[in-house]
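In: Curious how this folds, go ahead:
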Amino acid sequence: MTEITLRLDPEGHRALADLADAQGRRPEEVAEEAVAMLLRTEAGSVRARAERLAAQHAELLRRLGE
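Out: Numbering: from 1, shown residues only. Next comes the predicted model:
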């Protein structure tokens, strides 16, 4: 697993710690779950944007592929 550093202001850190405590989990677990949820939610949006850009620039992409 790859690590990442998450910088939170004191209020955010306290809120994360409180949520984790209420759930009987570690703050790192709560943060991991939140990131995974965001990535799942945004995946469709990112895919739609990529498809729109590919359609807009289809001719250029075709020429680059030659």
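
In: and the most centrally placed residue in the chain, what pLDDT?
Out: Per CA atoms, centre = their mean, the C-alpha nearest to the average position across the chain is that of Leu39, at 3.8 Å. On pLDDT, Leu39 comes in at 92.

In: try Ala43
Out: Listed pLDDT for Ala43 reads 88.

In: Next: the one 3 residues further on.
Out: The predicted local confidence for Val46 comes out at a pLDDT of 88.

In: Could you check how far it is from Glu59?
Out: Distance, Val46 to Glu59, by CB to CB, to the nearest Å: 23 Å. To be clear about C-beta, it is placed using only N, CA and C from the backbone, and glycine gets the same treatment.

In: wait, isn't Pro27 in contact with Leu16?
Out: Yes: assessed by CB atoms under 8 Å, Pro27 is found in contact with Leu16 at 4.9 Å.

In: Now name the helix or strand holding the residue nearest to the centre of the chain.
Out: Secondary structure assignment for Leu39, by DSSP states H and E: helix 27-56.

In: Which secondary structure element comes immediately after that helix toward the C-terminus?
Out: helix 58-64.

In: How about residues contacting that following helix?
Out: Ala54 (CB atoms under 8 Å, 6 or more residues apart in numbering).

In: Can you report how many residues lie near His13?
Out: 13 (other CB atoms under 10 Å).

In: sec struct for it, please.
Out: helix (DSSP: H, G, I helix; E, B strand; the rest coil).

In: where does it land on pLDDT?
Out: Reported pLDDT at His13 in the predicted model: 97.

In: Gln56 and Glu42, how far apart?
Out: Distance from Gln56 to Glu42, by CB to CB: 21 Å.

In: Please disregard the earlier target; I meant Thr2.
Out: From Thr2 to Glu42 the distance is 19 Å (CB to CB).

In: So which of those two has more stuff around it?
Out: Legend: neighbour count by other CB under 10 Å for Thr2 and Glu42, higher for Glu42 (10 against 3).
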